[in-house]
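Trainee: Next come a sequence and a model predicted from it.
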Amino acid sequence: MKNKSPKDPFKTHCWAYTVVTDPYQVFAECFIFADIGSLRKTIRQVLCSVDRKKVHKKDEPASVLDLFNAVTSVILAAWELYRQKKTSALKIEPGQFTDKRLYARPGTNCAEWEYLPKNLSAREYQNPYKVFSRFFKHGDAAQWQHHIKEVLSYALSSCTNDCELDLLKLYLQLTRLMEAAHLIDVREVLHIGGHLKPALVKEG
């Protein structure tokens with residue numbers, strides 16, 4: 001009898017090399033894999049390559065595929081939290097908006113400016129889960145996976161025929177989703193795989 005491979009509900013094994021079954025841990029793994037600044041930059045560059053005859057060559061194709069696989073995992077995790085109707089338990093007043101503990105991961109090399117959400121409203125900053133409900137009004141998880149495949153197909157080839165993607169809208173939707181997931185990771189996830197996040201481990 002063949003051993004059944006473990007279920008991979010959020011499709012993390014292809015980029016994180018581990019099966020993650022908790023949606024919050026998907027967020028944590030994603031932002032260990034790549035910081036929000038790098039994710040935003042690569043999403044923008046790849047989308048800019050979609051309607052050009054030149055093939056996207058700023059990164060190795062394998063790196064691009066891995067990053068967009070991570071984005072797909074975040075979409076699937078966000079879909080699960082959306083279906084569970086999760087919402088933020090943290091009450092954030094406008095006077096607290098500049099508190100970097102609400103948006104920046106301590107102890108990393110990424111510039112603090114990169115952590116700031118660039119595309120969220122004040123209400124979405126206070127409750128990032130609101131982004132999920134708006135994101136999935138434009139399609140369910142399966143439809144978004146199809147969009148990602150379409151983007152990669154155009155960006156990694158010289159073909160631009162019949163490309164009807166609204167690239168600006170896609171950029172805004174994807175970066176808003178990633179920014180929301182990042183805020184949730186910073187504010188709500190203390191560990192990765194049962195171990196404290198590196199920045200939370202006291203030295204000495």
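Mentor: Cool, the structure landed.
Trainee: Contacts for the lowest-mean-pLDDT helix or strand in the chain next, please.
Mentor: When the helices and strands of the chain are scored by mean pLDDT, DSSP states H and E, strand 195-196 comes last with a mean of 84. Contacts of strand 195-196 with the rest of the structure, by C-beta atoms under 8 Å, 6 or more residues apart in numbering, involve L190. From N, CA and C alone the C-beta is placed, and that goes for glycine too.
Trainee: In the sheet, which strands lie alongside it, parallel or antiparallel?
Mentor: Paired neighbours of strand 195-196 in the sheet (DSSP bridges): strand 191-192 (antiparallel).
Trainee: looking only at pLDDT, what's the mean for the partner strand?
Mentor: The average pLDDT for strand 191-192 rounds to 86.
Trainee: just stretch 52-65 next, same as before
Mentor: For stretch 52-65, the per-residue pLDDT averages 76.
Trainee: where's the most centrally placed residue in the chain, which helix or strand?
Mentor: Computing the C-alpha centroid of the chain and ranking residues by C-alpha atoms, centre = their mean puts M178 first, at 3.6 Å. If you go by DSSP states H and E, M178 is part of helix 167-188.
Trainee: helices or strands next to that helix in the packing?
Mentor: Judged by 3 or more C-beta pairs under 8 Å, 6 or more residues apart in numbering; DSSP states H and E, helix 167-188 is in contact with helix 23-33, helix 36-50, helix 61-83, helix 122-126, helix 129-135.
Trainee: which outside residues touch the first one?
Mentor: Defining contact as C-beta under 8 Å, 6+ apart, one finds that helix 23-33 is touched by 10, 12, 15-16, 18, 20, 39, 66-67, 70-71, 73-74, 76-78, 80-81, 105, 181-182, 184-185, 188-189, 191-193, 197.
Trainee: Kindly recompute the last result at 7 Å.
Mentor: Here helix 23-33 makes contact (C-beta atoms under 7 Å, 6 or more residues apart in numbering) with 10, 12, 15-16, 20, 70, 73-74, 77, 80-81, 181-182, 184-185, 188-189, 192.
Trainee: and that helix, average pLDDT?
Mentor: On average, helix 23-33 scores 96.
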